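*Asks:* Quick one: sequence plus predicted model below, questions after.
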Amino acid sequence: MTEVIDGETVAADVRSDVADRVETLADAGVTPGLATVLMSDDPASETYVSMKQRDCEEVGIEGIHVDVDADAPAGELFETIDDLNAREDVHGILVQLPVPDHVGKREVLRRIDPEKDVDGFHPENVGRLVAGDARYKPCTPHGVQKLLAAYDVETEGADAVVVGRSDIVGKPMANLLIQKAPQGNATVTVCHSRTEDLEGKLAGADIVVAAAGIPEFVDGSMLKAGATVIDVGINRVETDTEKGYELVGDVDYESAREVAGAITPVPGGVGPMTRAMLLYNTVKAAGRQHD
Ligand code: GUN
């Protein structure tokens, strides 16, 4: 029987742990604060940011939101970041990506105080992660690690294939899976758009993390029987339903479920974990800044 990996349940456990930590910090007179910054008119980005704010409220984290006009000069975003860096009540800062083309993404990420970089995207934090000394693990790959742990998926010695090489998911995921740490010690292959023999790589994979951003890119015929399949994709695909679109993953769920040993659904798999790990990083940031 294929096990369906329930991200909602595991995320609820993480949120409960976070809420306990918020109480402990409250005893020390500290309320963790997370600032989200949105410089975009994209409805999906607006939705993601408002969900993050709602999550904060649920666990007792103070949510602060700043909108920057998508047409504003880059300097306005940098000033916003500088102000948030200086605020003692703000422990975590997240600038929702993507930012407009006229704003340099790398400059934005470098501008955030690395102690407040709860995404883990500042080059100092990327370096620390690669060195095996992470300050904040990026939320999505960290959430995937938690799911693997919760479902007792053996990574030690496993052949893992990460499909996608993004800074947000693919690269940090591969780094975490190779580390000498729990949910690590895997042998990792990273595939991407120029990979010549994706099918050949996937055929031997005990663990597949699909994060290419391409709807239903991986299907059951490509998988090894019994593989653990983690679907990071959240793709809006147009439909002629009332809503006008549906969300599908990077994995063709129906065919993959026939072959996989365990699989995450979309929605309800990795998505809730990404959100929960942001809360986790925010309380960690608050604790570090008040130690
Ligand atoms: N856009 C899509 N995913 C993410 C994320 O994890 N962090 C930020 N800041 N922006 C994103």
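*Replies:* That came through, no problem.
*Asks:* what's the helix or strand for the residue in the stretch 151-291 of the chain that the ligand sits nearest to?
*Replies:* Going by C-beta to the nearest ligand atom, the ligand is nearest to residue 168 of the stretch 151-291 of the chain, at 5.2 Å. Just so you know, the C-beta spots here come from the backbone N, C-alpha and C atoms, and that holds for glycine as well. Using DSSP states H and E, residue 168 sits in no helix or strand.
*Asks:* That one and residue 96 touch, don't they?
*Replies:* No - Residue 168 is not in contact with residue 96 according to C-beta atoms under 8 Å; the separation is 11.5 Å.
*Asks:* Need the three-state assignment for residue 135.
*Replies:* coil (DSSP: H, G, I helix; E, B strand; the rest coil).
*Asks:* so how many other residues sit close to it?
*Replies:* Using other C-beta atoms under 10 Å, residue 135 has 19 other residues around it.
*Asks:* so what pLDDT did it get?
*Replies:* With respect to pLDDT, residue 135 scores 98.
*Asks:* And residue 41, by the same measure?
*Replies:* Value listed for residue 41 in the pLDDT field: 98.
*Asks:* repeat for residue 21
*Replies:* Residue 21 is given a pLDDT of 98.
*Asks:* my read is it is in a helix, agree?
*Replies:* Yes - counting by three-state DSSP, residue 21 is found in a helix.
*Asks:* I'd like to know how many residues surround it.
*Replies:* Neighbours of residue 21 (other C-beta under 10 Å): 19.
*Asks:* State the distance from it to residue 32.
*Replies:* 8 Å (C-beta to C-beta, to the nearest Å).
*Asks:* joint contacts of the two?
*Replies:* Counting by C-beta atoms under 8 Å, 6 or more residues apart in numbering, the contacts common to residue 21 and residue 32 are residue 283.
*Asks:* for the ligand, what are the nearby residues on this protein?
*Replies:* For the chain, the contact set with the ligand under C-beta under 6 Å from any ligand atom comprises 94-97, 119, 139-140, 168.
*Asks:* if you set the cut-off to 8 Å instead, what comes out?
*Replies:* Residues of the chain that fall close to the ligand, judged by C-beta under 8 Å from any ligand atom: 45, 48, 94-98, 119, 121, 138-140, 168, 274, 278.
*Asks:* out of these, who has the most neighbours?
*Replies:* Neighbour-wise, the residues of the chain next to the ligand (other C-beta under 10 Å) top out at residue 138, 28 neighbours.
*Asks:* Please identify which helix or strand holds the residue lying closest to residue 92 once chain neighbours are set aside.
*Replies:* Among residues not flanking residue 92 along the chain, residue 118 sits closest, at 3.6 Å (C-beta to C-beta, 6 or more residues apart in numbering). Per DSSP H and E: residue 118 is located in neither a helix nor a strand.
*Asks:* Correct me if wrong: residue 118 contacts residue 277.
*Replies:* No - with contact defined as C-beta under 8 Å, residue 118 does not reach residue 277; the gap is 9.1 Å.
*Asks:* residues bridging contact with the two, i.e. touching both?
*Replies:* residue 139.
*Asks:* show me what contacts residue 221?
*Replies:* 255, 259.
*Asks:* any idea whether it is helix, strand or coil?
*Replies:* helix.
*Asks:* Nearest residue to residue 19 in space, please, no chain neighbours.
*Replies:* Residue 19 sits nearest to residue 59 (C-beta to C-beta, 6+ apart), 4.5 Å away.
*Asks:* check contacts around that neighbour.
*Replies:* Residue 59 touches 15, 18-19, 22, 279, counting by C-beta under 8 Å, 6+ apart.
*Asks:* The helix or strand hosting residue 287 - contacts with which helices or strands?
*Replies:* Following DSSP H and E, one finds residue 287 within helix 270-289. When contacts are defined as 3 or more C-beta pairs under 8 Å, 6 or more residues apart in numbering; DSSP states H and E, helix 270-289 packs onto helix 7-27, strand 33-38, helix 43-59, strand 92-95, helix 139-150.
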